[in-house]
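**Q** sequence plus predicted model, see below.
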Amino acid sequence: MKPVEVKPIHITIDVNVKVDRALDNFFDDIDQAEEQIIQD
């Protein structure tokens, strides 16, 4: 049997998820402010 070679896997999904959440929060804040301006 040949030995199994395991290579490291680079994962960048955590960074993308954090960026997505930050953008969602940012745009949610803008949407809430816009709704409040329209209601006033």
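**A** Structure received. Numbers count the residues shown, from 1 in each chain.

**Q** neighbours of residue 18, how many?
**A** 10 (other CB atoms under 10 Å). Heads up, the C-betas are built off the backbone N, CA and C, glycines and all.

**Q** and it, how far from residue 30?
**A** Look at residue 18 and residue 30: by CB to CB, to the nearest Å, they are 19 Å apart.

**Q** next one: residue 21
**A** Distance of residue 21 to residue 30, computed by CB to CB: 15 Å.

**Q** can you check residue 7 too?
**A** Residue 7 is 43 Å from residue 30, by CB to CB.

**Q** what of residue 5?
**A** From residue 5 to residue 30 the distance is 49 Å (CB to CB).

**Q** tell me which of those two has more neighbours.
**A** Applying other CB under 10 Å to residue 5 and residue 30 shows that residue 30 carries more neighbours, namely 10 against 5.

**Q** for the more buried one, give me the pLDDT.
**A** At residue 30, the model reports a pLDDT of 85.

**Q** quickly find the element holding it.
**A** Following DSSP states H and E, one finds residue 30 within helix 13-39.

**Q** now do that helix: distance to the chain's middle.
**A** Distance of helix 13-39 from its chain centroid, counting by CA atoms, centre = their mean, to the nearest Å, is 11 Å.
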